[in-house]
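Peer 1: Have a look at this prediction, sequence included:
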Amino acid sequence: MTDLIFGKNAVIEAFDAGLDIEKVYVLNTIRGEFEVQIRNLCRDNNIPLVKVPEIKLNELSKYKAHQGVVALISPIKYIDFKDIIANAFEKGQVPLIVVLDGVTDVRNIGAVCRSAYYFGADGIIISGNFAGRISEDTVKTSAGAILKLPVARVSSLLHLVSELQSLGLKVIATSLKDAVNPENSDLSVPTAIILGSEDKGLHYKVLEIVDEVIKIPAIGDFDSLNVSVAAGILLYESAHQRH
């Protein structure tokens, strides 16, 4: 199956058929009934909607008649994040979830999924309208782990934090500012680890509402880690504490 669908009717039919749509691109000047319809469909299904110039749509569709809309089909099937947590509890496990907010590098997403699967995480949640799409490169970088690991996605990280806390998870976030070292945080309890985008990190409002902020200490004067490396360190610490 192609991983790209374009044209108004074709994209609407993809929604009706329940296909796993990764992202929808629409012409940035499009207005009217169709724009409202596609915006509502994306909102209701937690699918990122990106408004782009016509040249981007032309490139995606290889200059075919796209009618101002292109949808990318995902190589994985997304599930509800609440199901990930419920499944972990039902199996008698202590849930461990990794949340990636606004991470755009698909290889980083793949590398995080590989570490998450290796260290026994129960699933991944991807948030942010401009997060990287799950592609064949993501699958390859994850060494296939992303095909075995439950993946969910949400549009609002702030809302997600509140929901995770209400479900009994301790929500921690990473920061470059002064915070608790990983070994001094209790990661043996039901936990969700939030990692921010490669360039901007996490919004200050997120850091205000999480249960704990963690910083991976640096020995030298270089204080930035690749997001997939940071994920691996925190996942290892969690596995170490749990086992």
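Peer 2: All right, it came through fine.

Peer 1: what's the nearest residue to residue 50 if we skip its chain neighbours?
Peer 2: residue 25 (5.2 Å; C-beta to C-beta, 6 or more residues apart in numbering). C-beta coordinates here come from the backbone N, C-alpha and C atoms, glycine included.

Peer 1: Grab the most central residue of this structure for me.
Peer 2: The residue lying closest to the centre of the chain (C-alpha atoms, centre = their mean) is residue 126, at 1.3 Å.

Peer 1: which helices and strands sit right next to whichever strand or helix holds that residue?
Peer 2: Counting by DSSP states H and E, the element that carries residue 126 is strand 123-127. Contact analysis of strand 123-127 by 3 or more C-beta pairs under 8 Å, 6 or more residues apart in numbering; DSSP states H and E lists helix 81-90, strand 96-101, helix 106-118, strand 151-154, helix 157-166 as its packing neighbours.

Peer 1: my guess is residue 103 meets residue 198, correct?
Peer 2: Yes - Residue 103 lies in contact with residue 198 (C-beta atoms under 8 Å); the separation is 6.6 Å.

Peer 1: the more surrounded of these two?
Peer 2: Set side by side, residue 103 and residue 198 show more neighbours around residue 103, with 23 against 16, by other C-beta atoms under 10 Å.

Peer 1: so residue 238 touches residue 189, yeah?
Peer 2: No - contact status for residue 238 versus residue 189: not in contact, 9.9 Å apart, counting by C-beta under 8 Å.

Peer 1: Neighbour count for these two, which is higher?
Peer 2: Taking neighbours as other C-beta under 10 Å, residue 238 and residue 189 compare with residue 238 leading, 25 against 16.

Peer 1: Okay, the nearest residue to the more buried one once chain neighbours are set aside and residue 219: tell me how far apart.
Peer 2: Leaving aside its sequence neighbours, residue 238 sits nearest to residue 187 (C-beta to C-beta, 6+ apart; 4.0 Å). Per C-beta to C-beta, to the nearest Å, residue 187 is found 22 Å from residue 219.

Peer 1: Helices of the protein, start to end?
Peer 2: Remark: helices assigned in the chain by DSSP state H are 8-16, 33-44, 54-60, 81-90, 106-118, 136-141, 157-166, 204-209, 227-242.

Peer 1: Can you show me the CA trace of the helix-or-strand element of the chain with minimal mean pLDDT as PDB?
Peer 2: Among the helical and strand segments of the chain, the one scoring lowest on mean pLDDT, DSSP states H and E is helix 136-141, with a mean of 84. Extracted C-alpha coordinates of helix 136-141, given in PDB (Å, rounded to 0.1, in the frame of the first residue of the first chain):
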ATOM      1  CA  GLU A 136      10.400   3.700   7.200                       C
ATOM      2  CA  ASP A 137      13.500   5.400   8.600                       C
ATOM      3  CA  THR A 138      12.000   5.400  12.000                       C
ATOM      4  CA  VAL A 139      11.300   1.700  11.800                       C
ATOM      5  CA  LYS A 140      14.800   1.000  10.600                       C
ATOM      6  CA  THR A 141      16.500   3.100  13.300                       C
END
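
Peer 1: Contact partners for residue 216?
Peer 2: 174, 181-182, 225, 230, 233-234 (C-beta atoms under 8 Å, 6 or more residues apart in numbering).

Peer 1: mind running it again at 7 Å?
Peer 2: Counting by C-beta atoms under 7 Å, 6 or more residues apart in numbering, residue 216 makes contact with 182, 225, 230, 233.

Peer 1: From those residues, list just the buried residues.
Peer 2: Buried subset of these (neighbour count, 16 or more other C-beta atoms under 10 Å): 182, 225, 230.

Peer 1: Single out whichever of those residues has the smallest pLDDT.
Peer 2: The lowest pLDDT within those belongs to residue 225, with 82.
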